[in-house]
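[1] Model the following, please.
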Amino acid sequence: MRPQDGGRERALEPFELFAIKYGRHEGRTGADNFIGGDDLHEASSPLDYFVWVAKRSDRCFVIDTGFNARASKERGRTLLRTPAQGLAELGIDAAQVDEVILSHLHFDHAGGLDDFPKARFHLQDSEMAFATGRCMCDSFLRHPFDVEDVVGMVRLVYADRAVFHDGYREIVPGLSLHHVGGHSAGLQMARVWTKRGWVVIASDASHLYENFLKARPFPFVYRVDELLKGYKSALDLADSADHVIPGHDPLVMSLYPPVTDALDGIAVRLDVAPRPHPVSGGPA
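    Just a heads-up that it's a prediction; the model follows:
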């Protein structure tokens, strides 16, 4: 359900919002990214890997912590830079970040926990229960989790550095979390107030634009019905389809402007309107 903002957002300081590309996965086919995808007739469909930053004068939130070098090697992904290195390009010291939002606990979203020694980590109750419960006895469901990341999160719980949420939660005015499940049992999206309106960081609620715009589900899924509802929720929470940011689409890097010329291909601004593109919902 869309929160009732009631015009309150006009008085809020907007967040600056950034996507930082830290990794890449080549060699994927249509069948790898869509249920019912066609290897013969669909073009190759690589994935990019991102972390996100929402920053304003009083707060800085990092969304997800990426994967590490070990996972990159074990899973055949290309690590272009660590998320901490990407943050440093924006002048943000990961060691000083005090708030991290984890969309979910898959290896590519919760693999850099140790790079944030001062942070509290926001996640859904249901994601922690899923990652440590009986579903992990199934090799298919546990495949995208890394046991060391999950154990690391347990240690953070015992260190009083975990903040659990159950469904919807406004963290601060202008930033709220929304449980959608689907891809993982406790997956959550972040809704962020920016100078161009409400932007939704969908993370893996939708890997690609085509997943949510054409209701073509990503193949790795815990519950398809929740995944499809999540596509609708993202559109409902955002000001338009152009305000939804998918979790792994390489188009993000071409639709949005680089933070600076030197960061072209590394970090883009999401608090400005994207370039028109037919897949993103705008005109060609």
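[2] got the residue ranges for the strands in the stretch 101-250 of the chain?
    120-124, 162-165, 169-172, 175-179, 188-194, 197-203, 244-246 (DSSP state E, counting those that start in this stretch).
[3] Residue 143 and residue 114, how far apart?
    According to C-beta to C-beta, to the nearest Å, residue 143 stands 23 Å off from residue 114. Using the backbone N, CA and C atoms, a C-beta is placed for each residue, glycine as well.
[4] export the strands of the stretch 101-250 of the chain to a markdown table and tack on distance to residue 214, mean pLDDT and mean neighbour count?
    Rendered in a markdown table, the data for the strands of the stretch 101-250 of the chain read as follows (distance: least, C-beta to C-beta, whole Å; pLDDT from 0 to 100; neighbours: other C-beta atoms under 10 Å):
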| stretch | distance to residue 214 | mean pLDDT | mean neighbour count |
| --- | --- | --- | --- |
| strand 120-124 | 27 | 98 | 22 |
| strand 162-165 | 30 | 98 | 17 |
| strand 169-172 | 30 | 98 | 15 |
| strand 175-179 | 22 | 98 | 22 |
| strand 188-194 | 19 | 98 | 25 |
| strand 197-203 | 15 | 98 | 25 |
| strand 244-246 | 12 | 98 | 26 |
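[5] For the stretch 151-284 of the chain, give me the ranges with low pLDDT.
    Counting by pLDDT under 70, the stretch 151-284 of the chain contains low-confidence residues at 278-284.
[6] can you give me the helices in it?
    Counting by DSSP state H, counting those that start in this stretch, residue ranges of the helices within the stretch 151-284 of the chain are 209-213, 224-237, 251-255.
[7] Can you tell me how far residue 218 is from residue 168?
    Residue 218 sits 23 Å away from residue 168, taking C-beta to C-beta as the criterion.
[8] So for the two, which sits in the more crowded spot?
    More crowded of residue 218 and residue 168, by other C-beta atoms under 10 Å: residue 218, with 25 against 13.
[9] what's near enough to touch the closest residue to that one other than its chain neighbours?
    For residue 218, ignoring the flanking residues on the chain, the nearest one in space by C-beta to C-beta, 6 or more residues apart in numbering is residue 207 at 4.8 Å. Taking C-beta atoms under 8 Å, 6 or more residues apart in numbering, we find residue 207 in contact with 33, 47, 183, 218, 246, 247, 248, 249.
[10] That's all I had, so thanks and see you.
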